[in-house]
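Engineer: mind folding the following:
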Amino acid sequence: MLRKTLGVALGLIVAGHALLPMPSQAQVSARHLAKEALEECDQGRAATVREARLMHFHTGQALAEQAVALDQRYADAHFSLFCNLGEILRIDGESITATFGFRRMMNELDRTLELNPGHLDALSAKGTFLVKLPGVLGGDKEKGEQLLQQVVKRAPHAVNARLALARVRCERGRHQEAVTLASDALAIARKHKRAEFIPEARATLQQLRTNATGASYKPPL
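Structural biologist: Numbering: from 1, shown residues only. Below is the predicted model of the structure:
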């Protein structure tokens with residue numbers, strides 16, 4: 001179940017404003033570790049061999065845990081931990097620790113948004129979970145759709161949010177809009193060389209086009 005519902009979304013990483021006060025040494029270290037942890041998450045998603053994927057995600061988890069320990073109020077540290085925990089669950093979602101891992105992962109996502117309510121990566125991931133999870137697990141399709149719309153509007157380079165929103169549009173019978181969103185997501189992934197997103201974007205677009213064709217087909221009387 002969890003393996004099918006965990007789709008970790010990564011969009012734009014929000015950069016700090018140049019006029020903000022200089023961070024403390026602990027914050028600098030946490031920022032560096034969180035950045036490396038997110039890079040490991042991206043590399044793991046792009047890898048094709050299971051062992052290599054796990055190696056990147058476990059390395060990223062360790063780096064993210066160090067970042068959180070250094071600065072528990074640094075939102076990107078929590079998000080980098082969420083990213084790697086989520087990807088590990090996608091690989092080993094049927095393990096006996098899946099339930100605990102899912103709760104821990106969602107706690108890190110919620111903590112990210114608690115510290116930074118405008119964190120676009122986290123908003124995209126939260127919206128994706130809300131539209132995919134059943135209500136008994138905290139899903140809320142309407143709220144999730146609103147969050148995804150917010151991310152797509154604010155983040156012109158967001159890929160995952162567009163794919164998740166495209167699936168929702170398809171479910172609502174708005175097939176052409178769904179195809180447009182998925183086409184944009186694939187084009188963005190290719191333009192910005194986000195190799196980890198291209199296979200999913202391509203597969204999603206193909207499926208949505210098939211659905212659109214089926215919906216428009218009317219059998220002869």
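Engineer: what are the ranges of the strands in this protein?
Structural biologist: Along the chain, no stretch is classed among the strands by DSSP state E.
Engineer: which residues of it score low on pLDDT?
Structural biologist: Residue ranges of the chain with pLDDT under 70: 1-28, 92-98, 217-221.
Engineer: could you pull out the helices for it?
Structural biologist: Applying DSSP state H to the chain gives helices spanning 2-5, 25-46, 50-70, 75-91, 98-115, 120-132, 141-154, 160-171, 175-191, 198-216.
Engineer: including mean neighbour count, could those go into CSV?
Structural biologist: Glycine gets a C-beta too; all of them are placed from N, C-alpha and C. Listed next are the helices of the chain as CSV, based on neighbours: other Cβ atoms under 10 Å:
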stretch, mean neighbour count
helix 2-5, 14
helix 25-46, 20
helix 50-70, 19
helix 75-91, 26
helix 98-115, 17
helix 120-132, 25
helix 141-154, 18
helix 160-171, 25
helix 175-191, 19
helix 198-216, 16
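Engineer: distance check, residue 179 against residue 167.
Structural biologist: According to Cβ to Cβ, to the nearest Å, residue 179 stands 11 Å off from residue 167.
Engineer: now for the two: what residues contact both?
Structural biologist: Shared contacts of residue 179 and residue 167, defined by Cβ atoms under 8 Å, 6 or more residues apart in numbering, comprise residue 208.
Engineer: residue contacts, the nearest residue to residue 143 once chain neighbours are set aside?
Structural biologist: Distance criterion Cβ to Cβ, 6 or more residues apart in numbering; nearest residue to residue 143, sequence neighbours excluded, is residue 130 at 5.4 Å. The contact partners of residue 130, by Cβ under 8 Å, 6+ apart, come to 138, 139, 140, 141, 143, 144, 147.
Engineer: I figured the fourth one hits residue 131, correct?
Structural biologist: What that stands for is residue 141. Yes - with contacts counted by Cβ atoms under 8 Å, residue 141 reaches residue 131, the gap being 5.0 Å.
Engineer: mind listing the shared neighbours of those two?
Structural biologist: residue 168.
Engineer: closest one of the contacts of residue 130 to residue 31?
Structural biologist: residue 147 (25.4 Å; Cβ to Cβ).
Engineer: ok, the closest one to residue 59 distance?
Structural biologist: The separation that residue 147 has from residue 59, given Cβ to Cβ, amounts to 30 Å.
Engineer: fine, thanks again, bye for now.
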